[in-house]
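Chemist: When you get a sec, could you give me coordinates for this:
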Amino acid sequence: MTHEGSSIDPTKPSIARVYDYLLGGKDNYAVDREIGDVFKRDLPGSVAIAFANRAALTRAVREIARTTDVRQFIDLGSGLPTADNVHQVAQRNAPESRVVYVDIDPQVLVHGRALLENNERTRVVAVDVRDPEGIRTHPDTLELIDFNQPVAVILSAILHHVNDDEDPAGIVRYWREQVPSGSYFFVSHFRSGNNAETVEAEKVLQQTFGRGRWRTDEEIAALLDGLEILDPGIVPASLWRPDENDSPWNGDGQRELTVWEHLIAAGLARKAQR
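Modeler: Alright, predicted model coming up:
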């Protein structure tokens, strides 16, 4: 992974830029499009993973802002700005919301800071997600986030880029211990499908970036140990509290998902009152 001060290298693919390309963005290079095209060409339909993930994130932030008193968000591994970023969704529903974005991709930092230049309630912090203490104690974090008040910790499509030996559960545990009761944790994560599509997609990421870990629903839930996982639990992202106008639906009231939509899961958890 890169570190703050690293320059943008257009010859090496970036996870954030590949994701941007799959979502239809323009902040990417030929090397990123080459990797993205592997998914588009060899794994047709896989782009649905990116869109399903982004839509679930939007719904989760909107719900937290609308239905709870939480007005502080930390978005870990935020990626390149797209439509409906966390601060836009949160502040549209609760204008006083404050958001700290965390990423170390140099292009994310450049674009994020430009986007947020005139927004006093947002900051971009350049610290690796595997260094939660560094994020927690960063001056920009402390300027916006009051850790005596509930916080929404966003872990959208980031923990699957943390290998097992890097202790992803320890990252979540750190934040669980730092935030007070009434805080929320949103997680989305590559979901093992025990099928050829999972194996191939995982292989592409591992060969390109040396990371990308698909986990089962049980393994994802275990990352949230000590938190109360709210309904409907850990489910495919498209089935996580879908909007009423999502379609098509089958006779059981569930939308017919593609094989790819089954490969990204989402869940919302809360730190219960002691």
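
Chemist: any chance you could map the helices in this protein?
Modeler: Taking DSSP state H as the test, the helices found in the chain are 15-22, 30-42, 47-67, 86-93, 106-115, 132-136, 139-144, 168-178, 196-209, 217-223.

Chemist: Which residue, other than its chain neighbours, is closest to residue 31?
Modeler: Nearest non-adjacent residue to residue 31, counting by CB to CB, 6 or more residues apart in numbering: residue 13, 4.9 Å away. All C-beta spots, glycine's among them, are computed from the backbone N, C-alpha and C.

Chemist: check contacts around the one you found.
Modeler: 31-32, 34-35, 208-209 (CB atoms under 8 Å, 6 or more residues apart in numbering).

Chemist: same question, residue 262
Modeler: 191, 193, 236.

Chemist: Out of those, grab the one that's most surrounded.
Modeler: Counting neighbours by other CB atoms under 10 Å, residue 191 leads the contacts of residue 262 with 24 neighbours.

Chemist: Hmm, that residue is touching residue 264, no?
Modeler: Yes: if you go by CB atoms under 8 Å, residue 191 and residue 264 touch, sitting 5.9 Å apart.

Chemist: hey, what's in contact with both of the two?
Modeler: residue 236.

Chemist: give me the low-pLDDT residue ranges for this structure?
Modeler: Applying pLDDT under 70 to the chain flags residues 1-6, 81, 245-255, 274.

Chemist: who's in contact with residue 63?
Modeler: 241, 268.

Chemist: Quick check: closest non-adjacent residue to residue 93.
Modeler: residue 65 is the one closest to residue 93 (CB to CB, 6+ apart), at 3.8 Å.

Chemist: measure that neighbour to residue 258 for me?
Modeler: Going from residue 65 to residue 258 by CB to CB, to the nearest Å gives 29 Å.

Chemist: out of these two, which sits in the busier spot?
Modeler: Each of residue 65 and residue 258 has its neighbours counted (other CB under 10 Å); residue 65 has more, 23 against 15.

Chemist: ok, the more buried one touching residue 90?
Modeler: Yes: counting by CB under 8 Å, residue 65 does reach residue 90; the two are 4.7 Å apart.

Chemist: Return the distance of residue 221 relative to residue 198.
Modeler: Residue 221 is 18 Å from residue 198, by CB to CB.

Chemist: right, I mislabeled it, should have said residue 9
Modeler: 29 Å.
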